[in-house]
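Visitor: Give me a 3D structure for the following:
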Amino acid sequence: MERKYFGTDGIRGKAGEWPIHAEFVLKLGWAAGRVFAKQGSGTVLIGKDTRISGYMFESVLQAGLSAAGVNCRLLGPVPTPAIAYLTRTVRAKAGIVISASHNPFYDNGIKFFSETGKKLSDQIELDIERYIERPMLTVDSSILGKSVRFYDAGSRYIEFCKSTIPMGMDFKGIKIVIDCAHGASYFVAPCVFEELGAEVIVINNKPDGLNINLECGSIHPKMLQMEVLDQNADVGIAFDGDADRVIMVDHKGELVDGDEILFIIALSRLSQNVDLKAVVGTIMTNAGLETALKNYGVSLMRASVGDRYVLEKMEKYNLLLGGETSGHVICLDRTITGDGIITALQVIRQLVDTNRTLHESKKGVVKRPQILINLPITKEFNISQDQAISKEISGIRAKLADKGRVVLRLSGTEPVVRIMVEANETNLAGECAEEISSIIQKRLKLIDRENADKMLEYEN
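Guide: Residues are numbered from 1 along each chain as shown. Below you'll find the model as predicted:
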């Protein structure tokens with residue numbers, strides 16, 4: 001049965017517009033509470049990032065859960081991976097995250113963690129959706145749920161992050177610039193690296209509810225690149241709004257993306273005699289990583305885009321390391337979900353172990369040129385079922401042959417189709433990407449005209 005509300009990463013949209021408005025989220029809290037209550041007694045944790053609408057959604061989620069007879073603990077602004085960790089360690093029934101991750105402040109979303117700290121199964125999401133369709137009935141007043149604050153959530157998570165680095169190791173002598181994206185990492189991330197001995201310079205750590213991800217963080221790393229050069233720092237670290245992903249910058253101001261980060265951590269694990277067998281990437285992962293890993297006897301397995309699909313493949317094949325080019329990296333031998341802080345810690349550990357710079361450490365990955373175009377589309381347009389587009393793009397794939405590959409996919413978080421072309425030469429990749437974009441745009445205009453003609457016929 002197809003899910004109506006849940007996407008690849010919870011439910012997300014513009015705050016105040018369906019379904020991300022107060023009335024729906026109230027019903028969502030109640031529906032989730034009803035499903036969790038059927039599984040037995042237990043508390044639900046609620047955490048959020050720093051966007052202003054988080055206050056509103058935190059309140060209505062509390063109300064919905066209370067109406068379903070479920071208690072909750074409020075964590076306040078903390079990274080998404082902190083909520084996953086705490087859900088598991090305090091034996092909560094579930095964790096709820098109020099965040100739109102790397103999106104602008106005017107978006108928001110709701111996603112859930114199970115009692116194990118992992119994403120909810122498809123079946124549980126379907127159960128929640130079934131309750132959303134039912135009338136909202138409040139339990140008897142004597143068994144309404146209660147809400148309390150979880151005051152030491154941040155400090156518990158800080159200690160957990162530090163525990164992923166060997167006792168006795170420190171980062172003294174390493175100068176780090178951290179870009180918190182005015183998001184959920186603004187307090188905990190600087191503490192983690194300072195307490196491990198690094199010299200830390202922090203930027204974009206003053207959230208006001210409106211500036212999260214605003215021209216900063218992992219999506220907009222130029223400010224961090226400049227700051228690393230200005231401060232003569234060794235490393236730059238940029239998180240997104242909820243700190244589940246990270247992009248890094250070397251001392252030359254060059255970006256180090258998720259593919260290169262995966263490579264560095266893979267080498268770290270190999271040096272510790274860990275049997276990696278394989279690393280999981282996605283269909284978007286650069287072929288350069290595949291080649292680099294192969295040189296060390298490690299294969300690359302590809303999953304669909306989305307951390308839940310990466311994790312599924314890791315669990316299916318009992319693998320320890322996987323992630324996405326965007327910097328959403330999962331180290332299953334350290335934690336249970338993608339975690340920007342823990343990922344950055346593993347990279348810096350490798351720098352300390354090898355006494356090499358980040359710039360030297362990433363050199364093993366020679367990237368193949370990739371061109372990525374995000375093309376806005378209508379929400380109703382299903383590119384995978386459009387035969388006219390498929391036919392034309394198959395011709396481009398044939399033209400590329402073994403010189404490259406094409407990936408087309410609908411975004412799970414916004415109404416865009418992502419066009420990625422990877423080829424041996426940048427010019428070839430660019431030409432093919434532009435040609436595909438033009439094909440899709442022409443097709444969209446034709447569909448719009450056909451729809452307008454049909455509407456005109458109907459009105460006449």
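Visitor: Show me the shaky parts of this structure.
Guide: Within the chain, the segments meeting pLDDT under 70 span 1, 379-382, 384, 412-413, 447-460.
Visitor: what about 80?
Guide: Low-confidence segments of the chain (pLDDT under 80): 1-3, 8, 378-386, 388, 411-415, 446-460.
Visitor: Show me how the record splits it into domains.
Guide: 11-151, 172-254, 257-367, 370-459 (automatic domain parsing).
Visitor: hey, which of those domains is tucked in deepest?
Guide: Among the domains of the chain, judged by mean count of other CB atoms under 10 Å, the one packed with the most neighbours on average is domain 172-254 (a mean of 22). Using the backbone N, CA and C atoms, a C-beta is placed for each residue, glycine as well.
Visitor: Show me how far that domain is from its chain's centre.
Guide: 17 Å (CA atoms, centre = their mean, to the nearest Å).
Visitor: returning to what we had before: let me know which of the domains of the chain is the nearest to Ile158.
Guide: Closest approach to Ile158 among these (CB to CB): domain 172-254, 5.1 Å.
Visitor: which stretches of the stretch 251-400 of the chain form helices?
Guide: 258-271, 287-294, 307-316, 340-354, 358-361, 387-400 (DSSP state H, counting those that start in this stretch).
Visitor: May I have the longest one as CSV, with CA atoms only?
Guide: Output in CSV follows, covering the C-alpha atoms of helix 340-354 (Å, rounded to 0.1, in the frame of the first residue of the first chain):
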residue,chain,number,x,y,z
GLY,A,340,27.6,14.9,11.1
ILE,A,341,29.6,15.4,14.3
ILE,A,342,30.6,11.7,14.6
THR,A,343,31.5,11.6,10.9
ALA,A,344,33.8,14.6,11.3
LEU,A,345,35.4,13.1,14.4
GLN,A,346,36.3,9.9,12.5
VAL,A,347,37.9,11.9,9.7
ILE,A,348,40.0,13.9,12.2
ARG,A,349,41.0,10.8,14.0
GLN,A,350,42.5,9.5,10.7
LEU,A,351,44.4,12.8,10.3
VAL,A,352,45.9,12.3,13.8
ASP,A,353,46.7,8.6,13.3
THR,A,354,48.5,9.3,10.0
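Visitor: Now do that helix and helix 258-271, the angle between them.
Guide: Counting by axes from the mean of the first three to the mean of the last three CA atoms, to 10 degrees, helix 340-354 lies at 50 degrees to helix 258-271.
Visitor: The second one now?
Guide: Using the same axes, to 10 degrees, the interaxial angle of helix 287-294 with respect to helix 258-271 works out to 10 degrees.
Visitor: helices and strands around helix 287-294, which ones?
Guide: helix 258-271, strand 278-282, strand 299-303 (3 or more CB pairs under 8 Å, 6 or more residues apart in numbering; DSSP states H and E).
Visitor: With distance to Thr89 added, can I get the ones you listed in TSV?
Guide: Formatted as TSV, the helices and strands packed on helix 287-294 follow (distance: least, CB to CB, whole Å):
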stretch	distance to Thr89
helix 258-271	23
strand 278-282	25
strand 299-303	27
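Visitor: From what I see, Thr138 and Ala67 are in contact.
Guide: Yes - Thr138 is within contact range of Ala67, at 4.3 Å (criterion: CB atoms under 8 Å).
Visitor: between these two, what contacts are shared?
Guide: Here Thr138 and Ala67 have Leu144 as joint contacts, going by CB atoms under 8 Å, 6 or more residues apart in numbering.
Visitor: Test my guess that Gly183 contacts Asp242.
Guide: Yes - contact criterion CB under 8 Å: Gly183 and Asp242 qualify, at 6.3 Å.
Visitor: which residues are common contacts for these two?
Guide: Asp49.
Visitor: Identify the residue nearest Leu267 in space, chain neighbours excluded?
Guide: Excluding the flanking residues, the one nearest Leu267 by CB to CB, 6 or more residues apart in numbering is Gln350, at 6.5 Å.
Visitor: now Leu144
Guide: Ser66 (5.1 Å).
Visitor: Would you list the strands that the strand or helix carrying Val407 pairs with, along with their directions?
Guide: In this assignment (DSSP states H and E), Val407 forms part of strand 404-410. Here strand 404-410 is paired, per DSSP bridges, with strand 416-423 (antiparallel).
Visitor: Give me the angle between the partner strand and helix 387-400.
Guide: 20 degrees.
Visitor: got a list of contacts for strand 416-423?
Guide: So strand 416-423 is contacted by 284, 286-287, 368-377, 381, 383, 400, 403-411, 429-430, 432-433, 436-437, 440 (CB under 8 Å, 6+ apart).
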